[in-house]
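Enquirer: Structure for this input, please:
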Amino acid sequence: MFSIQKILSKTACSFYMLFFSIIIFAQNPADFVNPFIGTSNYGAAFPGPIAPRGMASISPFNVAGIKNTPMEKDSQWLSNPYVNENTFLTGFSHVNLSGVGCPELGVILLMPTTGNVETNHLKYGTTYSNEVAKAGYYSVDLTKYKIKGEFTASKRVGVSRFTFPKGQSNILLNLGLGLTNEEGSMIKVVSSTEIEGMRSVGSFCYNSPEDAYPVYFVARFSKPADKFGVWKKPSKYNGVEAQWMGYNGKTRMMENTIKTVVGDSIGSYITYKFDKEEKVEVKIGISYVSIENARENLEKETGNKSFDAVYKDTYNEWNEELSKILVEGGSKDDKTIFYTALYHTLIHPNTLNDFNGEYPKIKRSKIGKTEGTRYTVFSLWDTYRNMHPLTSLVYPKQQSDMIKSMLEMYDENGWLPKWELNSTETFTMVGDPASIVIVDACLKGIQDFDIYKAYYAMLKGADQIEHNPLRPGLKEYIEKGYLSTNYSGPVSTTQEYNTSDYAISLLAKALGEKEDYKRFTKRSLSYRKLYDKDLKLLRPRTANGKWYEPFDPEAGSNFQTNVGFIEGNAWQYAFMVPHDIKGLMKLMGGEKAFSDQLQKVFDLKQFDMANEPDIAYPYLFNYIKGEEWKSQEMVKKLVNEYFLNQPKGLPGNDDTGTMSAWLVYSMMGIYPISPGDPIYTITTPMFDKITIKLDSKYYKNENIVIEKEVNTDGKIKAIEINGKSLNSYFISHDDFVNGKTLKVIQN
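Expert: Numbers count the residues shown, from 1 in each chain. The predicted structure follows:
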């Protein structure tokens, strides 16, 4: 018979064992990341490894070849190197973009094979199985070759590990294949363990072909090759000379050569003869400055580190960044889609400068050098709405460096960026969004940059009428208050200019620039001249001021072109005046008319979750007293419908983290409703507790906690900040970050 002491002792022992097991098997935020989310449904994400805001990334490349039709890179407009449904893989690219809408990069393809060397990707490509994707890691089995490929990355180096079977094995480095529309490359085998070269890329969204630029690389192999070589496939000629060209259009194989080879369809190979199963690691350093810098990046970042050591460092870096927001409660799927979304917001903007600080300046006439981080990939038409505000809140030092990067671009180019990519200004999309991003950060307390320099840069973009690439049609906009149908997407562009002008007015007010404050406040409201009171919609006008006819408010949905709007229609732009919702409400005839018209957007199925213009609409019911529950229901419904723990788990292009940022905010229960304005609107959090760790350099509190108190799964009954009733569905940024706990209480 056991004594009571023994029973208590045994119970305590079991408790401690259980507690110890919980600690051992507790998952870190990085463990919830599923990089396959967004690799279908045109999400344009890739499942391969990248470090937070890394320059180098590795993606399986499965969009080449007829076997991947219809999702084949040359069969349609396709902007991603990987599609989850595809089955034919032709390599692993080492510089990639995430969630963009135009094809670019996706080059420097590494491919392991066995048997005789084959250089035609349609012949050496293979099916594959057993894909595994985690934060900083990807692996796959190549069916044809019985090779296992594993991949990780540091900030500027892609690292591969191949497990080869016994016999002849090869590693191909194909510079002819890629996602970019540009051609041209150079390659040289330096030794039996090293290859260096360059690949030309550019022409994002099929524009600015004259601004194509090189990406440099150095590849280093852990085992010396038994044989190596270079191949080149020249163009095929017709006519008399073709009769004399025995090599016409035929691939040239140059074995054991260390000469430099240039061309369009070129590559190199190394070959091994293995007596047993062997592993080979390959490190590829990347640089946009020089081969020497690519080599230094490789050596300084990865040196003699093993594959496992690099992966461990990158995993830890991901976990540190993702742990800035800790969530409690919710299902495993909830945590997975949340942390994967946060992961996607930490890919772009990404690092451009090399380990030594060097980077190419805009126009590439000079090389710059930074002590901090020079960022690139500013898809600002998308990201000004929520991704940059999220960065300001959670990663303010990164946001500060991004703004400093924008100001450097202003110095180099004469203009703030619009859609900058690897020091190439593409001027893609409409509006003048950099001003909004800078003002948003500044008014949230991120002020460790030259604010007046930024202010004058904004004024130049807003006021210089001639030769202004940021604001086409500015003269007409200033004179009439709107753009006419003489310009592309005149209503959309007017609204974007209004939004930027409002942001400038906020900064002018903060700086005591009273005249600018009045002037830009007035300019920000000029969309009202495009309001058709009969339709209760915004409508394009012709140059003589008359309404454009014939006008179909639904024309332009699903990215179809139309006269008035860019990537949307009259319904999807009807409420995109976030800085003047009260004014729009008055135009429409009051709260009820506003509410009815807003509800029509959803009832008529005109709301587009996959694009930016209407992305904040579900939150607009918070402006109508008594109807806030509609925002709560709508946001929850959209999260459940469009954001899933599946490859198709994004509603469309992630737009360099914009859709993902919407989800992060929506699951936390707050949203930056008016870009530039330091305010959030509140809805129901989807976790029991959310802890946002705050950067002590910018915020005085260590963290802010959002809590949900649920009696039933009903409407919000009360909102409290630090135990005191808020009496509003809106909270200023200062009140939010200087509080301790924001509690949302449901009925």
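Enquirer: Return the residues in contact with Trp318.
Expert: By Cβ atoms under 8 Å, 6 or more residues apart in numbering, the residues touching Trp318 are 30, 33, 51-52, 135-136, 343, 346. (Glycine included, C-beta is placed from N, CA and C.)
Enquirer: repeat that for 7 Å
Expert: Contacts for Trp318 (Cβ atoms under 7 Å, 6 or more residues apart in numbering) come out as 30, 52, 135-136.
Enquirer: before we move on, which element is it in?
Expert: Counting by DSSP states H and E, the element that carries Trp318 is helix 307-322.
Enquirer: and that helix, what's its mean pLDDT?
Expert: For helix 307-322, the mean pLDDT works out to 98.
Enquirer: moving C-terminal of it, what's the next helix or strand?
Expert: Moving toward the C-terminus from helix 307-322, the next helix or strand (DSSP H and E) is strand 325-328.
Enquirer: circling back: any chance of the contacts of Trp318 in a markdown table, plus neighbour count and secondary structure?
Expert: A markdown table is the format used below for the contacts of Trp318 (neighbours: other Cβ atoms under 10 Å; DSSP: H, G, I helix; E, B strand; the rest coil):
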| residue | neighbour count | secondary structure |
| --- | --- | --- |
| Ala30 | 21 | helix |
| Pro52 | 20 | coil |
| Ala135 | 28 | coil |
| Gly136 | 29 | coil |
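Enquirer: about what we covered before: what are the buried residues along the helix holding Trp318?
Expert: Using 16 or more other Cβ atoms under 10 Å as the test for burial, helix 307-322 gives 307, 310-311, 313-315, 317-319, 321-322.
Enquirer: Mind putting the contacts of Trp318 into a markdown table with pLDDT and distance to Tyr642?
Expert: As requested, the contacts of Trp318 are arranged in a markdown table below (pLDDT from 0 to 100; distance: Cβ to Cβ, whole Å):
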| residue | pLDDT | distance to Tyr642 |
| --- | --- | --- |
| Ala30 | 98 | 24 |
| Pro52 | 98 | 25 |
| Ala135 | 98 | 22 |
| Gly136 | 98 | 26 |
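Enquirer: which outside residues touch the one helix or strand Ala133 maps to?
Expert: Counting by DSSP H and E, the element that carries Ala133 is strand 128-134. Here strand 128-134 makes contact (Cβ under 7 Å, 6+ apart) with 33, 35-36, 47, 89, 138-143.
Enquirer: Show me which pair in the contacts of Trp318 is furthest apart.
Expert: The two members of the contacts of Trp318 with the most space between them (Cβ to Cβ) are Ala30 and Pro52, at 10.3 Å.
Enquirer: picking up where we left off before, mark which of the contacts of strand 128-134 are part of strands, please.
Expert: 138-142 (DSSP state E).
Enquirer: Tell me, please, where in this protein the pLDDT is lower than the cut-off.
Expert: 1-25, 713 (pLDDT under 70).
Enquirer: Lys166: how many residues sit nearby?
Expert: Lys166: 12 surrounding residues under other Cβ atoms under 10 Å.
Enquirer: Which single one of the ones in strands among the contacts of strand 128-134 is nearest to Ile690?
Expert: Tyr138 (29.1 Å).
Enquirer: roughly how far apart are that closest one and Val282?
Expert: Computed as Cβ to Cβ, to the nearest Å, the Tyr138 to Val282 distance reads 14 Å.
Enquirer: can you check Lys223 too?
Expert: Lys223 sits 10 Å away from Val282, going by Cβ to Cβ.
Enquirer: These two - which one has more neighbours?
Expert: Taking other Cβ under 10 Å, Lys223 and Val282 do not tie; Val282 has more neighbours (24 against 15).
Enquirer: Return the residues in contact with that one.
Expert: Contacts for Val282 (Cβ under 7 Å, 6+ apart) come out as 110, 160, 171, 219, 221.
Enquirer: make it 6 Å
Expert: Counting by Cβ atoms under 6 Å, 6 or more residues apart in numbering, Val282 touches 160, 221.
Enquirer: So which bits of the helix or strand where it lies are buried?
Expert: In the assignment (DSSP H and E), Val282 maps to strand 278-287. Residues of strand 278-287 classed as buried: 280-287 (neighbour count, 16+ other Cβ under 10 Å).
Enquirer: Partner strands of it, with direction?
Expert: strand 157-164 (antiparallel), strand 213-221 (antiparallel) (DSSP bridges).
Enquirer: looking at these, which is buried most?
Expert: Per-stretch averages of neighbours, counted by mean count of other Cβ atoms under 10 Å, single out strand 157-164 among those, with a mean of 25.
Enquirer: And the next helix or strand past that one?
Expert: strand 167-174.
Enquirer: Now do that following strand: which elements does it pack against?
Expert: Where contact means 3 or more Cβ pairs under 6 Å, 6 or more residues apart in numbering; DSSP states H and E, strand 167-174 is packed against strand 109-114, strand 265-274.
Enquirer: May I have it exported as CSV, CA atoms only?
Expert: What follows is strand 167-174, C-alpha atoms only, in CSV (Å, rounded to 0.1, in the frame of the first residue of the first chain):
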residue,chain,number,x,y,z
GLY,A,167,27.9,6.8,-60.2
GLN,A,168,28.4,9.9,-62.4
SER,A,169,26.8,13.0,-60.9
ASN,A,170,26.7,16.6,-62.3
ILE,A,171,25.8,20.0,-61.1
LEU,A,172,24.6,22.4,-63.8
LEU,A,173,24.7,26.2,-63.6
ASN,A,174,22.3,27.4,-66.3
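Enquirer: Identify the residues contacting it?
Expert: 91, 109-115, 117, 195, 267-274.
Enquirer: go again using 8 Å as the cut-off
Expert: Applying Cβ under 8 Å, 6+ apart, the set of residues contacting strand 167-174 from outside is 90-91, 108-117, 119, 121, 124, 147, 162, 187, 195, 197, 219, 221, 267-274, 278, 280, 282.
Enquirer: Show the end-to-end separation of stretch 731-747, please.
Expert: Using Cα to Cα, to the nearest Å, the span of stretch 731-747 from its first residue to its last is 21 Å.
Enquirer: residues in contact with that stretch?
Expert: Defining contact as Cβ under 8 Å, 6+ apart, one finds that stretch 731-747 is touched by 393, 443-445, 669-670, 678-680, 682, 684-685, 694, 699-701, 704-723.
Enquirer: Which PyMOL command selects the buried ones in the residues you listed?
Expert: Of these, the buried ones can be selected in PyMOL as follows, counting by 16+ other Cβ under 10 Å:
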select buried, resi 393+443+444+445+669+670+678+679+680+682+684+685+694+699+704+705+706+707+708+716+719+720+721
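Enquirer: can you tell me which two in the contacts of strand 128-134 are farthest apart?
Expert: Pairwise over these, using Cβ to Cβ, the maximum falls at Val33 and Thr143, 26.5 Å.
Enquirer: who's more crowded, these two?
Expert: Val33 (27 against 14).
Enquirer: Would you state the helices of the stretch 401-550 of the chain in chain order?
Expert: Counting by DSSP state H, counting those that start in this stretch, the stretch 401-550 of the chain has helices at residues 434-443, 451-463, 474-480, 490-510, 514-523.
Enquirer: Tell me what angle the fourth one forms with helix 514-523.
Expert: Orientation of helix 490-510 against helix 514-523 (axes from the mean of the first three to the mean of the last three Cα atoms, to 10 degrees) gives an angle of 150 degrees.
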